[in-house]
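Novice: Dropping a prediction and its sequence here:
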Amino acid sequence: MDAIVVENLTKHFRKAYDKTLKGFILSIVKGEKRYQEFTALNDVSFTVKQGESYAIIGKNGAGKSTLFKVLSGIISPDAGRVRMNGKVAPLIELGAGLARDLTGAENIRLNCAIFGLDKKRIEEVYPQIVAFSELEEFIDTPVKFYSSGMKARLGFSIAVHIDADIILIDEVLAVGDKDFKKKCYAKMREIQDSGKTLVVVSHSLKPLKKICNRALILERGRVMDVGDIHEMIDKYQSEKKKKQGA
Ligand SMILES: Nc1ncnc2c1ncn2[C@@H]1O[C@H](COP(=O)(O)OP(=O)(O)OP(=O)(O)O)[C@@H](O)[C@H]1O
């Protein structure tokens, strides 16, 4: 069964030429165009099968985060469509989904409720989330006092415990410490073994080889290739070397 079907996704952004008030006024006076249309995703299509661990790789600005935001429904595409078959846990930006003024404990309960867990299930997973995050000491501290690493711990722990069918993880592990990252990668493999679907964006290609079985290379908003993770990483790295040599 297909977990994710993406068909002909296109997303444009408007980029201001000059973001200052002076620039804005001058452009009006001169009657010049104030924006440049920029295509972040260009006719992107792919399918992720249920139980697959799928990597999205690409250079800075290739459109990976934009794609994740469309997959999780945070932004809508200008064209194309996305079908997600199952409950989705998006972990796409550090601290996103966490209420700053609430404590870690309150955020866990709030997020679990938002993701549809009933009271009994929340009480079951709560100690697991706290234990996995290793934030016992700070669980009653408001999240606004958390470091970025602590937010990543809490966000990751919630996302992997809310009984989602599809988990989207965007580069959030870049900030964690080494041991915690190791634990997260092990958890991702466990998720994969349990038949859930995982989509991961990361600039760290080595761990992707261990977690994912397929990959998509995005280049300037377009799908450059899709295939076996090892083949795609080799291809991506050799293209990168070629361009650096050119
Ligand atoms: N809200 C926005 N408004 C205007 N341009 C945007 C917006 N969001 C993203 N972009 C542009 O779209 C392009 C793709 O950005 P995106 O963040 O998706 O890339 P990425 O592959 O995730 O990059 P990175 O690896 O650096 O995180 C970039 O050129 C970015 O500047």
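Specialist: Arrived safely, thanks for sending.

Novice: so where's the protein shaky on pLDDT?
Specialist: 16-19, 33-35, 93-95, 172-176, 246 (pLDDT under 70).

Novice: per the record, what domains does it have?
Specialist: Domain ranges of the chain: 2-86+165-245, 93-162, per automatic domain parsing.

Novice: To the ligand, which of these lies closest?
Specialist: domain 2-86+165-245 (3.3 Å; C-beta to the nearest ligand atom). Bear in mind the C-beta positions are built from the backbone N, C-alpha and C, glycine included.

Novice: show me where this protein has helices.
Specialist: Under the criterion DSSP state H, the chain contains helices at 21-30, 64-71, 104-114, 119-133, 148-159, 178-193, 205-211, 229-245.

Novice: nearest to Leu168, of these?
Specialist: Evaluated over the helices of the chain, closeness to Leu168 peaks at helix 64-71, with 5.7 Å, by C-beta to C-beta.

Novice: Contacts for the closest one, please.
Specialist: 4, 6, 9, 11, 40-41, 44, 56-58, 75-77, 82, 84, 88, 90, 92-93, 168, 170-171, 199, 201, 218, 221 (C-beta atoms under 8 Å, 6 or more residues apart in numbering).

Novice: Just the buried subset of those residues, please.
Specialist: 4, 6, 9, 11, 40-41, 44, 56-58, 77, 82, 84, 88, 90, 92-93, 168, 170-171, 199, 201, 218, 221 (16 or more other C-beta atoms under 10 Å).

Novice: what comes up buried for stretch 44-62?
Specialist: In stretch 44-62, counting by 16+ other C-beta under 10 Å, buried: 44, 46, 48, 51-59, 62.

Novice: Quick check: end-to-end length of it?
Specialist: By C-alpha to C-alpha, to the nearest Å, the extent of stretch 44-62 from end to end equals 12 Å.

Novice: Next: stretch 77-86.
Specialist: For stretch 77-86, the end-to-end distance is 20 Å (C-alpha to C-alpha).

Novice: Residues in a beta bridge with the most centrally placed residue in the chain, which ones?
Specialist: For the chain, the residue sitting closest to the mean C-alpha position, by C-alpha atoms, centre = their mean, is Asp170 at 2.7 Å. Under DSSP bridges, the beta-bridge partners of Asp170 are Val201.
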